[in-house]
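Q: Structure for the following, please:
(4 chains)
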Amino acid sequence: MTFEPKILGFLCNWCSYAGADLAGVSRIQYPPNIRVIRVMCSGRVDPSFIADAFIHGIDGVLVLGCHLGDCHYLTGNYEAEIKMNALNKLLQLINFSERMRLDWVSASEGNRFAQIVSEFTNQIQKLGTSPINNKEKNSEIRDNLEAVKNVLEDSRLRGLIARQRELVNDGNVYGEQISAEKFENLIDEVIQNEFIRQKIIVKIKSKGKSVPTIANEIGVKASEVLEHIVVLRSRGLVDVDEINEEIPTFISIMGG
Amino acid sequence: MTKRPAYSNLVKTMREGKFLFTGELEPRKMTDLSSILHSAEKMKKTGKITAANVTDGPQGDAYTCSMVPSYLVQEKVGLEAIWQMTVRDRNRIALFGDILGGAILGLKNLLALTGDHSALGDNKNARPVYDLDSTQLIDLVSKMVDDGTDLEGNEIEGDKIEINVGCAANPNSNPRGPEILKVGRKVRLGADFIQTQTAFDIDDAKDFLKELEQFNVPVLLGLFPLKNYGIASYFDEYIPGVSVPKDLLSALKKAKKEYKEDKKKRNEVIDKINIEFFEPFIMEIKKTTKAAGIHCMAVHYERLFEPLLKNF
Amino acid sequence: MIITQQKDIEEIYDMIKSYSKILIVGCDGCCQPPRSINEAKVLAQMLELKARSEGKELKWKAITVLRQCDDRIAATTVRPFIEHYDAIVSLSCGLGVVMMNKVFENILTYPAQNSLFGGAENNAENYFAEYCETCGECLLGVTGGVCPMAGCAKNLSNGPCGGTVGGKCEVGGYTHDCAWVKIWDRLRKFNRLDLFNKYRPPRNYRKWSSPRFAEINKTYTNEEETMEEEK
Amino acid sequence: MEKVGSVLVIGGGIAGIQASMDLGDSGYKVYLVESTMSIGGVMSQLDKTFPTNDCAICILAPKLVAAGRHENINLLINTTLEKISGKAGNFKVDLKQKSLYLDQETCTGCGVCAQECPVEAIDFFNEGLSKRAAISVKFPQAVPLVFSINQEVCIGCGFCKGVCKAKAIDYTLKDKKTSLNVGAVVLAPGFDEYDPEPTHHYGFGKFPNVVTSIQFERILSASGPHSGLILRPSDGIIPKKIAFLQCVGSRDKKHGAEYCSSVCCMYTAKEAVIAKEHMPLVQPTIFSMDIRACGKDFDKYIDRAQNEYGVRYIRSRISSVKEISESNDLILNYETENGEIVEEVFNLVILAVGAMPNRSTKELAKTLGVELNEEFFCKTKPFSPVETSKEGIYVCGMFSEPKDIPETVVEASAAAGAVNILLSEARNTLIEEKKLPKEIDIIGEPPRIGVFVCHCGINIAGVVDVADVVDYANKLPDVAYAEKNLYTCSADTQTNIKEKIKEYNLNRVIVASCTPRTHEPLFQATIREAGLNKYLFDLANIRDQCSWVHMHEPKEATEKAKDLVRMAIAKARNLIPLQEQHVSVIHKGLVIGGGVAGMTAALNLANQGFEVYLVEKGDKLGGFSKNVYQTIEKYDVQGLITDLIKKVDDHKLINVFLNAKINSIGGYVCNFTTRLTQGKNKEFKEFQHGIIIVATGAHEYQPKEGEFLYGNDDRVILQSELENLLFTNSEKINGAETIVMIQCVGSRNEEHPYCSRMCCSEAIKNAIKAKEVNPNLNIVIFYRDIRTYGFKEKFYNLAREKGIVFIRFDQENPPDIVKKGSRLSVNVVTPKLGKISIDTDFIALSAGIVSNGEENEELAKMLKVPVNSEKFFLEAHVKLRPSDFATDGIFLCGTARGSATISESIAQALSASSRATTILSKDILVTEGIISKVNPALCIGCNRCAEVCNYGAVGVRYEEGKMISEVNPLLCKGCGDCAAECPAEAITMSHFGTSQIEPMIAEAAHVEFGNGRPRIVAFLCNWCSYAGADLAGVSRYQYPPNVRTIRVMCSGGLPKRLILQAFLEGADGVFVGGCHIGDCHYIAGNQDTLRRTRDIESKLESIGINPERFLRKWVSASEGKLFSETMIEFVDKVKKLGPIESEYKNKSIKVSK
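A: Now for the predicted structure:
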C-alpha cells in the first residue's frame, strides 16, 4: 500500500490559517496528510519544535506565515525567516533539509495554500518516510537529530539568532553595523562547532571513548575533536573516564 | 704477688716447664655421665693430656653442673679435672660453699669465669646474679686458700683447702688493651694459670702470648679442632671476633661434598685436614713462644688426640 | 628524669570500666615525654570515645599537678576535686601513682603509664637512655663518667668480660657499646688508666636493694643528742 | 629642583612586582603600569618552577595579592607609556589606559558575563590551546580580579551588560590619558618567547605535534587546557616518547639570536621531570649541545633528572624534523657523539624557545630615550647592572639580559636599591598616613554580631537561598543585625557596613561571601575604619566552598551555608581585639665581609644616610676578586676595587673594622647587638644595629696535592695565576708554544656537586687575552660543558673564531697529565675523538669556588640561619626571596650564597641593601597581630615549643637565674605549631586558638537540618589545602555537601585534642588537609602534623572508631580536582561505614549536643 507521509503544518493565525479556512470555505481540495498547529505568528515557531517533530517520526514539516511586511506583529515573519535559515543550515548537515519548507500565504490565498500543501506532500511522498522510522538502523539518524535539537537549545546560538536582525540593521552597542555576511559566517561557525560538540556528547553518553575513536565515528579530524573536548571540559559537560595504557577516554557527565 | 704452692698436678707440671695439653669435657643436659667419663678415658689413654676442663653452663645454657663430673673424672678415670665456675649463677655465699665442697672432694684446679649472659642461653628470662665478677671470684679463692677465711675474714675451721685458680683471656678481643690490663688485675689477685679462648690465627696468637709474658704466669693457648664443616661454618659465622681460615673452611666443605655417603672415609679425610692444620700450629707455638701448653678443646672429638699429639 | 610509656587504651579502659566519673591527673614534674594537662585531656577524650563505643557514658575532668610524687603538693592540688569522682587515672610515673594512693586512701589511683627507667634525653637522635641505676655507691669518679652498672649487662666492677667484640656487648647482638671498653677508651684519653687497673672489691649490695629510705633534715631528740656527746 | 618621592614601574611581571613592593615598603608612592589585564607576567603561566618544583602559582599568588592590596602601590592595568619629559628626580610621564569597557572599581570579578558571552576567542594565556569568551579575566588568580572586553573579538551583542548585576559594563568608555610626575622610572617589561611560526622552524605550525616549551608548560599545568593530562595536539593521546630540542632561536645567527637565553636548559629539565611525574609511561629525551645548569643546586637537579627520572640526554643538535603523515609522529635524525647517524621516531617534539626582547620595547626605548644594545636588549654596564644610559631610569629582569627568576628578583630589588640613592631625601613625602578613628574598647561587652550575607550576583544567590540564610542568622543568639547584599565587597556596601556598625553598635562582624584568602583584608580594613579592631571579624566561605561546588543540591547548599554562618558566629563570640606590636628601629646596619659585595652594600646604605659597621676578617678590604684584573667584557676590576675601597674609607658614615672576629650577635630584627674583637691585641667592640647583611664571600678551590700534578710541577698553574701572568709579566708566556686549560677542577664532583658558574667565562677571557699577547700560541680547552650563559656566548664564538680548540671530556675519564721531558703531555679519552694526547708548556686549571666551610657554619650558628650541604648560606626561598634569610632582618649577597660573577655580586649587594632599607626606612616596625603568647605561670620548662618552631621565636631560656619562657613577637609568624605542641597548654595562639576553633567544631559536627549525614569536619591549612578547595570552587568541581570546613593557619597548628573533639562532637568523619612536605609556608609545620595524625591513626581502632573515618592528605593550591575527588571518595567511604553511632555496641546512646 502506498506510503502516506505524515506532514506537520505550523500556520500563523492571522494569514496562513485564514488562507487554509478560505480553501475550506471554497471547497478547494488538498491531500489529507497534513496535521495543522495554529500559532499566533510564524515567528513563534521555535526551530527545536521541528527537530522534536522529526525525532517523533514526522516525515515533513511545513511552516507558513504572512508575506513579508504583512505580519500582524510587524517583524514576526522576518524572525521566522532567520530562525528557519539557521535550522536549514543544521538540517543540511544531516541531509534532512528537503523535509522542511517555509513559505508565505496571505489570508486571501486559499488555493495558494492548497497548492503548497499538495506540492509539499508529493515532494515528501517521493522522498519516502523519514529514516528514523525504520527500526533497525535508525540509531545514527537518532543521534544526529538529538544533536540538532541540543544545538538549537544552546543559549549561544539562540542569543545570536535573536539579536541578528538588530545587530545587522541597527548596529551593535558600539554603534557599528556588522555586515550581514560577517554575521552569517559567525552563525555558520557557531552552528558547525556546536553541532560537532553535541555529536561528541551524544557519542560518549554511555561509554567512554578515546579522541581517535570519536574522530572516526563522527568523521572529524582528531585534532579538532580534541579542541572541542577542551571546550566541553571547561564547560563541565565532559570529563576523563579512565586512562588505559596511553589512551585516555572521555565520557559526558550529565548536568554539568 | 706471693707464689702459691702448686697444689694441683697441672700447675706443678706447668711450673716444671713441661709443654702440656689439656682437654675439654662439656656435660650437657644429661643425667648419665658415662659419655663424659668415656671421653675422659680416651684422653687419659693418650698419656698426653695432663688435665681436662669441665664446663659450667657454657653459652648460658642450663647444663649439668661442673663439680660432680669433675670429681667423677678424677676419681673414676684418674684424670685431673679443671673445675670451671662462673659468677653468673651463684652469689658470693653459694660460691664459697661450692668451692669448699669441691676442695673437700679433692678438686685441685678451679677456672674462674664471668660466664655468658643468661640472655644468650636457653633460659633467656632467667635473672643473672653476677654478685661477684670473675676477678672478685679469684680474690675469694685466694682468701680461702691463702688466708683460710671468707671474704669478710671469718675463719674456716680445719686445715686449709688446696686449690690452684686460673683465669681466661681472649686473644681475639679488639681493642686488646682492656683485655691485657684485665688479665693483669686477675694475676695480681692470685691467678695461678691462664687458659685462652680459641685462636686460629697463628701470628695473632703469638703476639697475644708475647703480651701475656709480662705476668710470668703459665698460659695454655686454646685451640678448637673442627669435627665437621657444620661446626666450622657455625664458628666462622656466629662466634664474632673468631674467623676460621678460608683454606681450612673450603677443605672441610670439599670433604663434606666429596665423601657425602662414605662417613668413615669422610672422617679420615677431616682428621687429616685437622692434623695438617693444627700440628704445625702447635709445633710453632711450642717452639717460638713461652706458652705452657695447649688447651685443646676437641669436645666430643676425642679420637683426634691420638694422631694429633703423637709426636709431642 | 623518669621515662614513661603510655599503656594501651584497652588496658587503661579495663581498669576504669566500672566507674562513671573519673579524674584524670597530669604531672608537670620530671617525667619525659611530658605528661601535662594536654596529654591528660587527650587520654580523657579517648577513654570517653571508648566508653561510648562500649555503650557507656563516661564523665571526666582533666587537671595537672606540679609534682604528684610530693605528698603536700599532690594533696593540696587534687583534694578539692576528689569527692565528685569515683576514681583517679594518673599520668605520672610509678612514684606519683603510689603517692596519690597513699595520700588519698579512700579513692583508687590507677596508672596510665609504664615507668621504664631513669633516663636522659639525647635530643639529636631523639631517644632516651638509662645512664644511672641509682646503685647507692657511685663509681663514676673512677670510670671516667661512664656507669658500668647502667651500661654493662653484667654490672661488672672489673670489666670487660670475654664477650665483648669490637667494643660491642654480646647481649643484644653486638649493637650496644660495651661500657668497660668505653671506660678504658675515655680513661686512656686522659691517661688515667691507673684507675682502670685498680681492683674494686665486691660491692655492698645492701645499698642497691629496695626498699630504701633516706632521712632528710633529721630532728634530734635531746636523748640522742646527749648520747652523741658521750661518744 | 625638588625631588618627587614616587616611582613609575613599567611591567607587572615578577620583576615589576618585586621592585614595586621594595619601593612601596621603603616609603615611596609607586605607579605599577602593566600593559595586559593583570600583573603576574610569564611566571603566572608556568606550572612548576626549578629547582624546587614549587607550583608557580602557589608562590606567586600571595605576592600578587600583597602588591594589589599595598597602600603605596597603584596598579594601572591595560596601560602603556606615551611620553616622558624632565630629568632624574622629577619626570613628567603621560600614560594611556586602553578602555576596559567596564569600570574597574565596580566590577567584582564574579564572572557571570563570561559565561553568557557567545563569542569564542583564542586564549593567549593558554598559548592558543583553549578558547575563552570576548569578556574575560587573564587567569583565575588574576590581580586585580577585573574582567575586560577584548575589542578585536567582541561583536557588541550586549549580552554581558544584560547579565551584569553590578552595572559595571559601559561600552561607551573611551581610552583614558593620565599624566603623573615621578622621581624615577624602573623598566621591567620582560620578554617574548622566540616565535618559530613565521619560518615554520622545525615544522612548527605545519606539524601539529611540534609545540613550544611555553605551550607544553600550559599542557602540564593542572589549571591548563587538559588539567594536567599530557595529550598530543594531533589526536589527544598521551605521547610515550617526547623529544625536547634545545637552543631554538638561541645560539643561532640564522634563526632568532646569537646569545644564549640562559633558562631553557633548566626549564626543559624541569618540564621533562614534571612530565615523568604526571605520566610515568612518558620517556623524555633532550637534544642539547651544552647543558647550562649553572645556578645553585641546578647540577643536582640535572643528575636527579637523569638518574631518578630516567631523562635521556643526547649531545647533538637536530637539523630538521620530518613528519609521518598518517600518525603525525615525528622523525628526528641526529649524529651521536661517536659520529653515527641515527633516525628515531618521537610522538611529540617540544621546542625550547629562547628569550627575545619584548616587541613593545623597541618603541618604549625610543620614547624613553634609553639606549639598546645590538640585540635590542637594554644596554647596561657590568659594574652598574641596573642603570640604563639615561640617569634616573633603571632596568631589571629579562629586559637587560636573559636570566632566570632568582636573578630577576635580585635585579628588581637592586633597581629599588638604586632608586633609594636617587630619591632617599624625598622618602615618605607622598605617603598619606591613613587616619584611623580611635579603636572602640569592647572588652567586657556582650557580643553584638552583625551578619552580612552576599549574593555575589547569581554566584551565591543562584544556588543558596540568601534571604533564608539571613532570616536564620537573625534568629541566632548574640546576632544584633543581619542583612543581604548584592555585592558585599563593592565600595558602596563598605560604607553601608560602617553605618550599620555605628547604628547597631556592633562589636563583631561576620561576612558570608567568597574566600577569605583574597577578601578578608578588605573587610578587616573596613571595620577598622569604623573603629572596630580588625581582628573582630570572620568570613564564612559560602561561594567557593559551598554554592559553586554544590550547584545541583540547592537545598543542602543552603543548609550548609546556614551551618557555615553559625560556625563563624560561634567563633566570633570568642574573638578578642589584638594589638599589633610596635618596635622602634635602630637606623644602623652591620655588613659582614669587605669584598666587592660587602662594600657595594655598605655604600648603598651609607649614601641613604644610614650609619654602617663594615666588619672584615682579613687585614684589608677587597675580598676574593682582588686577584681578578678584567671582566670578560674587558672592564677593569682592579680599578673598581680601588675605587670602592677609596669611597668606603672616605665615607664618614661607614666604620670599618679590619681583622675583626665576631664573638656574638644577639637580639633580633630592629635591634641586634654585636660584640667583636679586633686586631692582634683583641680590642673588644660592641654596637647596636637594626639589620645585618652577610657578604662573607667564598674562596678559590685549592687542588689537592698532585691533582693534575698541581703542586709538584710549577708549569701547572691556576687560571687566576695565569691571569696574573697575562696582565703583569706576560713574557713568561711568550716562550710557550701551547697552553692547555682544564675546566671543572674541584667542581661538579662528589665533593662539590655544583657548577662554579664563572670559570668557563674566566677561561675564555684568559684564552682570548693570551691570543692577543702571543697570536701564534695554540690553546686547547678541555671542558665538560661550556656554560657561557647570556651575552657571554658571543665571547665563546669569538674564542673559536680566534682558533682556540675546545674538546669535551666526561666525568668518568678526566684528562691525565704526565711529565714528558721538558714539556707536559695531556692524554684524554674523549667521547667524540677517542684517545688523544697533546704536549703543552703550561696547564691552566679552572678551579671552582668553594664556600668558607667552618666560618660559615660558625656565623650561621650565631645568626641562627641555615647553611646548605655545601656550607653555602641557605636563603629564605631560592626563587622569590634570594636576598633574605628566613629569620627577619638578616640579608644575604655575594658568593656567600653561591658562586656568582662580579656583576651578579654587585646586583645582589644592591638587592640586599634595598631589602634592608625596607626596614631601616621605617621608625616603627609593625608586626602581624596573629601571634602566640606564653603564660609563664603554666610553663613547665620542657622546651618542646622551641623544637617545633622553625623561626627561633619561642623557647625557654635562663637569664640571671630566672627561667624565662616567652614568644618574640617580631619573629613569630603565627603558625600556631608551638601552641599545639605545648603539653601544659601554656601557649595560646591568638585568633585561631582552641577557644576560637573548639566552638566551631561543635557547630560543624551538629546536624541541625534534615539528615545531613554522614557529617565530615575538615581542617584545612590556609596556604595550600584551603586554596586547593577554593580552586575546586573556581573550576566548579562538584563534591557532596556533607563537608564542613574549618580554616587554620597551618595544619601544624592543629592540636590532637581538637581532632578527637570533632569525633566526640559526633562527626562521622574527620579530614585534615595540609601542604605537600617541603611546600609548607612555615617551612616544616606539616612534619608535626604527620607525627600527630599518625599517633591518632594508630589509636583509633583501640578506642572503637574505624580508622577509615579519619583521613590526612596533602593538597596543593593548584590541585582543585584532587581536592574534589578526595572529598567524593571520603564521603562515599564514610557513608558506607554508616553513622558513627552505628559502631557503638549499645545503640541507645544518642549523640546529644
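Q: which residues touch the nearest residue to D:Ile238 once chain neighbours are set aside?
A: Distances taken as CB to CB, 6 or more residues apart in numbering or on different chains place A:Glu246 nearest to D:Ile238, at 3.9 Å, with adjacent residues excluded. Bear in mind the C-beta positions are built from the backbone N, C-alpha and C, glycine included. For A:Glu246, the contacting residues are D:Ile237, D:Ile238, D:Pro239, D:Lys240, D:Met279, D:Leu281, by CB atoms under 8 Å, 6 or more residues apart in numbering or on different chains.
Q: Out of those residues, which is nearest to chain A?
A: D:Ile238 (3.9 Å; CB to the nearest CB).
Q: what's the burial count for that closest one?
A: By other CB atoms under 10 Å in any protein chain shown, 22 other residues sit near D:Ile238.
Q: and if you look at C:His176?
A: 15.
Q: those strands in chain A, which residues are they?
A: Using DSSP state E, the strands assigned to chain A run over residues A:7-12, A:34-39, A:60-65, A:100-104, A:209-210, A:238-244, A:247-252.
Q: ok, and the helix or strand in chain B with the lowest average confidence?
A: helix B:229-238 (a mean of 84; mean pLDDT, DSSP states H and E).
Q: same question, chain C
A: Per mean pLDDT, DSSP H and E, helix C:222-230 ranks last in chain C, at a mean of 79.
Q: Can you show me the strands along chain C?
A: Using DSSP E, strands in chain C cover C:2-6, C:21-27, C:59-65, C:87-90, C:109-111, C:113-122, C:127-130.
Q: List, one by one, the residues from chain B near chain C.
A: Counting by CB under 8 Å from any CB of the partner chain, the residues of chain B close to chain C are B:88, B:92, B:113-114, B:116-117, B:119-120, B:128, B:130-136, B:139, B:151, B:168, B:170, B:172-175, B:177-179, B:181-182, B:184-185, B:188-189, B:197, B:240-241.
Q: Nearest to D:Val9, out of the strands of chain A?
A: strand A:238-244 (42.2 Å; CB to CB).
Q: got the buried residues for that closest one?
A: Going by neighbour count (16 or more other CB atoms under 10 Å in any protein chain shown), the buried part of strand A:238-244 is A:Val238, A:Asp239, A:Val240, A:Asp241.
Q: Kindly report the same for stretch C:52-62.
A: C:Arg52, C:Ser53, C:Glu54, C:Lys56, C:Leu58, C:Trp60, C:Ala62.
Q: do stretch C:190-200 as well
A: With the criterion 16+ other CB under 10 Å, stretch C:190-200 contains buried residues C:Phe196, C:Arg200.
Q: Equivalent analysis for stretch B:197-216, please.
A: For stretch B:197-216, by 16+ other CB under 10 Å, it's B:Gln197, B:Thr198, B:Ala199, B:Phe200, B:Ala205, B:Lys206, B:Phe208, B:Leu209, B:Leu212, B:Phe215.
Q: Can you tell me the closest non-neighbouring residue to the residue positioned nearest the centre of chain A?
A: By CA atoms, centre = their mean, the mean C-alpha position of chain A lies nearest to A:Leu87, the distance being 3.5 Å. With sequence-adjacent residues excluded and distances taken as CB to CB, 6+ apart, A:Leu87 is closest to A:Pro47, at 3.9 Å.
Q: Distance check, the spatially closest residue to D:Gln246 that is not a sequence neighbour against D:Leu245.
A: Distance criterion CB to CB, 6+ apart; nearest residue to D:Gln246, sequence neighbours excluded, is D:Ser288 at 3.8 Å. As judged by CB to CB, to the nearest Å, D:Ser288 and D:Leu245 stand 8 Å apart.
Q: Between those two, which has more neighbouring residues?
A: The residue with more neighbours, out of D:Ser288 and D:Leu245, is D:Leu245; 25 against 21, by other CB under 10 Å.
Q: Got phi/psi on that one?
A: phi -100, psi 120 (degrees, to the nearest 10).
Q: give me the beta-bridge partners of it?
A: Beta-bridge pairing for D:Leu245 (DSSP bridges): D:Phe287, D:Leu351.
Q: Pretty sure it sits against D:Gly203.
A: No. Using CB atoms under 8 Å, D:Leu245 is not in contact with D:Gly203, being 10.7 Å away.
Q: Mind listing the shared neighbours of those two?
A: Joint contacts of D:Leu245 and D:Gly203 (CB under 8 Å, 6+ apart) are D:Val321, D:Val349.
Q: What are the buried residues along the least confident helix or strand of chain C?
A: Result for helix C:222-230 [16+ other CB under 10 Å]: no buried residues.
Q: Show me which residues of stretch A:213-233 are buried.
A: Buried residues in stretch A:213-233 (16+ other CB under 10 Å): A:213-215, A:217-218, A:222-223, A:225-233.
Q: Stretch D:684-700 now?
A: Those would be D:685, D:687, D:689-698, D:700, for stretch D:684-700 by 16+ other CB under 10 Å.
Q: all helices of the chain, in order?
A: No chain was given, so I picked chain A. Ranges of helices within chain A are A:16-25, A:47-55, A:76-93, A:110-127, A:139-153, A:155-169, A:180-203, A:211-218, A:222-234, based on DSSP state H.
Q: Can you look at chain C instead?
A: C:9-16, C:37-53, C:71-82, C:94-103, C:148-151, C:179-189, C:193-197, C:222-230.
Q: which one of those helices lies closest to D:Glu433?
A: helix C:37-53 (43.6 Å).
Q: and that closest one with strand C:21-27, angle?
A: 150 degrees (axes from the mean of the first three to the mean of the last three CA atoms, to 10 degrees).
Q: mind giving me JSON lines with the helices of chain A and columns for distance to B:Phe278 and mean pLDDT?
A: Compiled in JSON lines, these are given as follows (distance: least, CB to CB, whole Å; pLDDT from 0 to 100):
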{"stretch": "helix A:16-25", "distance to B:Phe278": "127", "mean pLDDT": "92"}
{"stretch": "helix A:47-55", "distance to B:Phe278": "104", "mean pLDDT": "92"}
{"stretch": "helix A:76-93", "distance to B:Phe278": "102", "mean pLDDT": "91"}
{"stretch": "helix A:110-127", "distance to B:Phe278": "114", "mean pLDDT": "92"}
{"stretch": "helix A:139-153", "distance to B:Phe278": "95", "mean pLDDT": "89"}
{"stretch": "helix A:155-169", "distance to B:Phe278": "101", "mean pLDDT": "87"}
{"stretch": "helix A:180-203", "distance to B:Phe278": "89", "mean pLDDT": "89"}
{"stretch": "helix A:211-218", "distance to B:Phe278": "81", "mean pLDDT": "90"}
{"stretch": "helix A:222-234", "distance to B:Phe278": "83", "mean pLDDT": "90"}
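Q: export those to a markdown table and tack on distance to C:Phe128?
A: A markdown table is the format used below for these (distance: least, CB to CB, whole Å):
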| stretch | distance to C:Phe128 |
| --- | --- |
| helix A:16-25 | 98 |
| helix A:47-55 | 78 |
| helix A:76-93 | 79 |
| helix A:110-127 | 93 |
| helix A:139-153 | 71 |
| helix A:155-169 | 70 |
| helix A:180-203 | 65 |
| helix A:211-218 | 61 |
| helix A:222-234 | 56 |
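Q: wait, which of those helices is closest to B:Thr289?
A: helix A:211-218 (87.6 Å).
Q: Next, the angle from the closest one to helix A:180-203.
A: Using the same axes, to 10 degrees, helix A:211-218 lies at 110 degrees relative to helix A:180-203.
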